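> Pasting a predicted model and its sequence here:
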Amino acid sequence: MSVQVRTLIFRCAVFLQAFKKSINEKLASHSDFACDLHKAISELLHETETELLNDNDVNSDFSGCTLVLSVIRKYHVAVANVGDSRVSVVTRKGKGVYICTSITEDHKPELPSEKARILEAGGRVFPVKYPDGHIGPERVWLKDVDAPGLCMTRSLGDRVVHTVGVISTPEFFEYDLCPRTDCALIVATDGLWSVTPDKDAAAQCMSVREPSSAVGMMLRESHKRWVTAGDSIDDTTICVAYLDAR
């Protein structure tokens, strides 16, 4: 299996395009790409983010993006994660039986280690209570202002909230693929994962033959679930890569 790069970023069009272009053009040519992938990715993200933060034509005070990036070398997957997008692997457990397992961990305010960093930096973490009594997920707020209410603790950009402990440092995860049973990688934003249980994601992904068909099905189903759950629909971006066991 040749080296493949799967990248997913979202939330702000300017940041999305800038990071996508930078990664596609620069990562494989980085001097440390072959020998120190973590260093290559970290330096690339820092360089690109710094350029955007210093660009007066880009308002990055409350704009940013998550990023999840996977590099496949033979049967080894290295993943860099910033935020609450996710890479999951679909594994065959029997005839017609599949499970979906996350390779990454979402950077959410309820994670003790992530929450501790926010509080230590002077930020606040608490959920929004809505008029109907519903209590939402925990969010990150500035010290003295009820803003921005970010649902994640790491992001690229988001200049203001970085003053209270939100960071853009990627966390790295490693996974060894089994060529006999691992069938697909699903790379997606929380617009999918918030409304789609792992078992449903696995079933939808493996019910078709083409990645585009899988993505289309998962997008349509997640959209239906968002509409059923309420009047808001989260940003949803999905990439599916089928593997040898497919």
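Happy to help now that I have it.

> Any regions of this structure where pLDDT drops low?
1-19, 231 (pLDDT under 70).

> Following the record's annotation, map out the domains of it.
The record's domain parsing of the chain by automatic domain parsing lists 4-108+167-242, 112-164.

> just checking, what packs against the lengthiest helix in the chain?
If you go by DSSP state H, the chain has its longest helix at helix 211-229. With contacts taken as 3 or more Cβ pairs under 8 Å, 6 or more residues apart in numbering; DSSP states H and E, helix 211-229 sits against strand 182-188, helix 190-193, helix 198-206, strand 238-242. Placement of C-beta: from N, CA and C, glycine included.

> In CSV: the domains of the chain, plus mean neighbour count.
Listed next are those as CSV, based on neighbours: other Cβ atoms under 10 Å:
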stretch, mean neighbour count
domain 4-108+167-242, 17
domain 112-164, 16
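
> Run through the strands of the protein in chain order.
4-10, 64-73, 76-82, 86-94, 97-102, 124-129, 135-141, 148-150, 156-157, 171-176, 182-188, 238-242 (DSSP state E).

> wait, which of the ones you listed is closest to residue 207?
When these are compared by Cβ to Cβ, strand 97-102 sits nearest residue 207, at 9.6 Å.

> now the closest one against strand 171-176, angle please.
On the basis of axes from the mean of the first three to the mean of the last three Cα atoms, to 10 degrees, strand 97-102 is oriented at 150 degrees to strand 171-176.

> ok, now how distant is the residue nearest the centre of the chain from residue 70?
Geometric centre of the chain, nearest residue: residue 85, 1.9 Å, by Cα atoms, centre = their mean. Computed as Cβ to Cβ, to the nearest Å, the residue 85 to residue 70 distance reads 11 Å.

> Quick check: bridge partners of the closest residue in space to the residue nearest to the centre of the chain that isn't next to it in sequence?
Spatial nearest neighbour of residue 85, excluding adjacent residues (Cβ to Cβ, 6 or more residues apart in numbering): residue 68 at 4.2 Å. Under DSSP bridges, the beta-bridge partners of residue 68 are residue 8, residue 81.

> So residue 153 is in contact with residue 108, correct?
Yes: if you go by Cβ atoms under 8 Å, residue 153 and residue 108 touch, sitting 6.7 Å apart.

> still on that earlier bit, chain center to the longest helix of the chain: distance?
Taking Cα atoms, centre = their mean, to the nearest Å, one finds helix 211-229 lying 17 Å from the centre of the chain it belongs to.

> what's in contact with that helix?
The contact list for helix 211-229, computed with Cβ atoms under 8 Å, 6 or more residues apart in numbering, reads 184, 186, 188, 191-192, 195-196, 200-201, 204-205, 207-208, 232-234, 236, 238-242.

> between it and helix 198-206, how big is the angle?
140 degrees.
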